[in-house]
Every structure is written in structure tokens, then in C-alpha cells.
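> the amino acid sequence is not available; the structure is as follows:
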């Protein structure tokens, strides 16, 4: 097989395109493959698909292709242009590359695979032998392509959560599809307007199709959901993890306060026991469990707070909202008769939002998907040492977590 025939097969070219020359430049370690089309061929207008004769040709262009025999491989051609009666002179669509691209579709597909595997532009560009700008351009173009292809399918169960972009009060808000574990919308900030901007990226059919939405106890997100989702009052589910986080933090406040009082008296019984109270019993080692039981048996205020916190976990074990409500009211009365001020504050907070806490019994959703996605995003963020540019950060989230159709075709 001759070189021309070989590269005809490698490039997957068919009539009217043929390889007319293959040149190896040892000095720059590059193989140049020149492609031409047969004379008299008619091409389709890229706007209306009208078949027109070739009008002229644009200047010669280069497209980076997959390396062959360890050499950088470049395809060269002069793109034909047609003079459409309706749209005027237009460059025709080329079978090996998308409009405006400097890479063949085969190379872009490979580059996307490498980016997904490496999870950093820096790591991918070293493998691809491309510049940072070229690699980043492929990533951004893939995201734009994927977002343009989205069909706006209804997402019955969604979640909304915030994510820190940089240190300080610097956040982005994201909407998740809980069933497909994908990020569907991103906006700057973490207030009501940020939520509204996120919801505005969904179609009206998608908003109407929401059956349940998981979120933390942020008043801003509640307000935004009620403004955008029909009958949101019955669809909001305050995430179990965030509710229990409030209770865990209250236990720690009780522990710290009691530890200060005991330390004044020279009593260090609960010194270095912080994580024994904060960690679930099922996650303690045998040694930690023995230490915990020894301290818990002394009937300290911290032990009482921990017991009420553990009791609250049963709230999500009920089959219906009415029984969960009855359970909470009993728990609430017990807590309010104690002197555990931090826990009483938590009880009041939950009581104010009780309907949207026990709604878990009807919808059975949590923001666990959001927390998992946040961990993935943090992992990507750490690999690159953080993002300076907010738009690059959002693009990376869509690329790795958006569930988009990224590949050219």
C-alpha cells in the first residue's frame, strides 16, 4: 500500500476527497498530508443544503490530526467555497473537521478522552503535545457543543446547593439532576438572585416538571424555589445531612462550653473527646467506642446533647410525614425542657421548617448527589491548584460533571 492510500484510510476520506501528497519533515518531526477534491464536484451550502458548483477556494489551512509513527501529523487543504443563490459565498462543510476548528474531529475526540482521564488541562496538553491555550480551547468548545445539544428533558428530582469558588464569601450556586448525577445550571453568588439565575437556565417545561427539590435550610434558596417552581412549598425537601449537621454542631457547642467549666475545676474528663461525639457510633473503632462509653456513662451535659442528637436521626425512618411530625413534636418537647441552649436553638430552627423536613417521607431525596459532586469538583480544583478565572471554573464543572455530549460528529 502506498503512503497516499494508507493515509486515505487513516483519515477515513471518501470521494470526492483524496490524498494527493504525503511529506515527512524530519527537522520538525511532522508529517504533512495534503488533500484535494476532484474537479467538477458540487458541494452543499452549509446554510440551506442546496447543492451548488464550486465557486473558488479559500487559502490553504492546516488541521492537527492524530500522531502517526510518533510524528505530529497535519492535514492540509484549501476549503472549497460555493456561491449559494440564497446565502451568497460560503465555505462548505468539511468531512474531517468542524467549522472554525484547527483540529480534525478524530483528534478532538481523542483530546476529550485525554482531558477526561487527566482531569487537568496541564496534564492533557503534555500528552497531546498541544499548548495550554489549544487544549483549553478544545475543552471550552466541547462544553459549548454539549450545552447546545441539550434537549431540555424534564428532571423530576433536582437539588440546589452552593460551592465555594475561592476563600472568603465567594460562591457559585448549582442545580443538580439528582437522578442522573449531573450539574445542570451554574450562577455566581449564593443568594436569592443567584438561585433565580440558575432556575432561569431551565426551560418552563423543566420547571413545571420538578416533583421534588433538595436543598439546605438556606432562606435564599427557599425563596428562589418558591418564585420559580410551581407549588414549590410541597416540593422542597431540606436535606437530612444539613439538618443533622446543625444538631452535630450544637452538640459540639455544648461540649466546648462544658469543657471550659470543667477545666476551671481541673477536671479534664472530656478533654480530647471531640470526635467521639461528632462521629457516628457505627464509625468508631473498638478503642474509641470504649473511651466513648467511659465518658458517656458519667452523665455529662454533652452526653445528654449527644443522646438527643442520636434520637433525632430516627426522624427520617418514618414512613409518612404525619408520623414523622408526631415524632419530632415529642423530641422537641423533650429538648425544650433541658438546659441545652444550642440544641434548643436547633429544635426551633427545624420546627420553623418542619413541613419541608418531613417532606422527605414523601419524596425520599437528599442532597447526597450534590455532596458527591462537590467532592468531585474539589478534587478537580485541587489537581489544578485552584482556579483564578470564574468562567474557567464553571466550564470545568460542566465538562467533568455536566453529563454533556462532548464529542464532535
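Great, that's in hand. Here the structure is a predicted model, which means the values were calculated and not measured.
> what sits closest to residue 361 if chain neighbours are left out?
In space, and not counting its chain neighbours, residue 361 is closest to residue 321: 4.8 Å by CB to CB, 6 or more residues apart in numbering. Every C-beta, even on glycine, is put in place using the N, C-alpha and C of the backbone.
> again but with residue 4, I slipped
Leaving aside its sequence neighbours, residue 4 sits nearest to residue 19 (CB to CB, 6+ apart; 4.5 Å).
> measure the one you found to residue 9 for me?
As judged by CB to CB, to the nearest Å, residue 19 and residue 9 stand 9 Å apart.
> and residue 362, by the same measure?
When CB to CB is the yardstick, residue 362 and residue 9 sit 59 Å from each other.
> what's the burial count for the residue nearest to residue 361?
Residues lying near residue 321 (other CB atoms under 10 Å) number 16.
> surely it touches residue 356?
No - counting by CB atoms under 8 Å, residue 321 does not reach residue 356; the two are 10.3 Å apart.
> am I right that the residue nearest to residue 4 is in a strand?
Yes - Residue 19 forms part of a strand when assessed by DSSP: H, G, I helix; E, B strand; the rest coil.
> report pLDDT for it.
pLDDT for residue 19: 95.
> 24 is where my numbering starts, stick with that
Understood, numbering begins at 24; the last thing we discussed is residue 42.
> who does it bridge with?
residue 58 (DSSP bridges).
> then residue 210?
Beta-bridge partners recorded for residue 210 (DSSP bridges): residue 196.
> quick check: it touching residue 221?
Yes - using CB under 8 Å, residue 210 is in contact with residue 221, at 4.6 Å.
> overlap in contacts of those two?
Shared contacts of residue 210 and residue 221, defined by CB atoms under 8 Å, 6 or more residues apart in numbering, are found at residue 196.
> contacts only, for residue 41.
So residue 41 contacts 27, 31, 58, 59, 60, 61 (CB under 8 Å, 6+ apart).
> out of the residues you listed, who's nearest residue 131?
Closest approach to residue 131 among the contacts of residue 41 (CB to CB): residue 58, at 17.7 Å.
> can you get me a residue count around the closest one?
Using other CB under 10 Å, the number of residues around residue 58 comes to 21.
> next one, pLDDT for it please.
We note a pLDDT of 96 for residue 58 in this prediction.
> does it touch residue 35 like I think?
No - between residue 58 and residue 35 there is no contact under CB under 8 Å: 11.6 Å.
> any low-confidence regions in the stretch 24-173 of the chain?
Applying pLDDT under 70 to the stretch 24-173 of the chain flags residues 24.
> can we see that at 80?
24-25 (pLDDT under 80).
> cool, and the stretch 274-423 of the chain?
Applying pLDDT under 80 to the stretch 274-423 of the chain flags residues 303-304, 406-411.
> where do the strands of this protein begin and end?
40-48, 53-60, 65-67, 74-80, 84-91, 94-100, 103-107, 111-114, 180-189, 193-200, 205-211, 235-238, 259-261 (DSSP state E).
> hey, which of those is tucked in deepest?
strand 235-238 (a mean of 26; mean count of other CB atoms under 10 Å).
> burial of residue 401, as a residue count?
The number of residues near residue 401, taken as other CB under 10 Å, comes to 12.
> and what of residue 212?
Using other CB under 10 Å, residue 212 is surrounded by 18 other residues.
> that one against residue 195, yeah?
Yes - assessed by CB under 8 Å, residue 212 is found in contact with residue 195 at 7.3 Å.
> show me what contacts the residue nearest to residue 99 when sequence neighbours are not counted?
Leaving aside its sequence neighbours, residue 99 sits nearest to residue 57 (CB to CB, 6+ apart; 4.7 Å). For residue 57, the contact set (CB under 8 Å, 6+ apart) comprises 42, 43, 44, 45, 46, 99, 100.
> again, but for residue 182
198, 199, 201, 236, 237, 238, 262, 388, 390, 392, 393.
> go on, residue 395?
Contacts for residue 395 (CB under 8 Å, 6+ apart) come out as residue 204.
> now with 10 Å, please.
Applying CB atoms under 10 Å, 6 or more residues apart in numbering to residue 395 gives the contacts 199, 204, 424.
> for residue 411, same thing?
Contacts of residue 411 by CB under 10 Å, 6+ apart are residue 189.
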